[in-house]
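*Asks:* Show me the folded form of this:
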Amino acid sequence: MNNTLTRTIKQLGIAAAVVLGILVLNRFLPPQHNPLRPIDLTDPIGIATHFKLARIKDDHGLCYSLLDKAEVGYTRLPEDAGTERCPLQDVLVLDRSLMPYSVAPLRMTCHEMAALFIWENDVVRPLAEEMFASPVEEVLSYGSFSCRNIAGTNRLSEHARANAIDIKGFRLANGEVIDVREHWRETSARGDFLKAVHEGGCKVFSVALSPDYNAAHADHFHFDMGNGSLCR
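*Replies:* Numbers count the residues shown, from 1 in each chain. This is a model prediction of the structure:
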């Protein structure tokens, strides 16, 4: 058997093994861990979640259909809704999600809205029920779209692209308020809850910043779906 034929047989064997591996992966790996399976916003968070969210960034039709399936209410903004410095393209207004927000309207990109729903559904809601036996009545927020630079720089923030949201706390149905500034470093159920919801945000969003990042974030979490990658 000559060398060319041997190499060809080896290459075919490798290709067959790769195809078989892909088929097995697609068949048996849970959807939240399988990058080949379509995304569903109600799936548990897994190792493939953020990768699949990133893939829908430029597929607006798919993103809208995912929000519709999850029963997220939204209104599409016209293309001229922004400003010359901060134009808004393919941006939505959040009309209804799993829990209300203290600031409205929340204007954000579709994939940011999809990530926010996953965080609400798979992180915030079950943690509140588990740790306080009470649902979240309201998410306390500083808002989403803001035509401004990153603090201390000349670069536009992801807020200027409607691709970020700032969360300052939570109001529970039992009347308890959990505040990032007051309770982040507290050794208590409230402090543990805040650590857990931030950690959950790191698994979903591209950037998840807490008071540990810098003084500018002393009173809120920043979650965005930009091109960076940071959990702090």
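
*Asks:* For this structure, which segments are assigned as helices?
*Replies:* Secondary structure of the chain by DSSP state H: the helices cover 3-28, 49-55, 60-69, 110-119, 125-132, 180-183, 189-202.

*Asks:* Out of those, point me to the one whose mean pLDDT is lowest.
*Replies:* Of all those, the minimum mean pLDDT falls on helix 3-28 (a mean of 56).

*Asks:* Domain map for the protein?
*Replies:* According to automatic domain parsing, the chain comprises the domains 1-37, 39-231.

*Asks:* Point out the most buried one among the ones you listed.
*Replies:* domain 39-231 (a mean of 18; mean count of other C-beta atoms under 10 Å). All C-beta atoms are positioned from the backbone trio N, CA, C, and that covers glycine.

*Asks:* Between the two ends of that one, how far is it?
*Replies:* 23 Å (C-alpha to C-alpha, to the nearest Å).

*Asks:* What of stretch 150-169?
*Replies:* 22 Å.

*Asks:* can you pull the contacts of the most centrally placed residue in the chain?
*Replies:* Residue closest to the mean C-alpha point of the chain, counted by C-alpha atoms, centre = their mean, is residue 115 at 2.9 Å. Neighbouring residues of residue 115 by C-beta atoms under 8 Å, 6 or more residues apart in numbering: 53, 204, 205, 223, 225.

*Asks:* any idea which of the residues you listed is closest to residue 160?
*Replies:* residue 225 (13.7 Å; C-beta to C-beta).

*Asks:* Correct me if wrong: that closest one contacts residue 56.
*Replies:* No: with contact defined as C-beta atoms under 8 Å, residue 225 does not reach residue 56; the gap is 10.1 Å.
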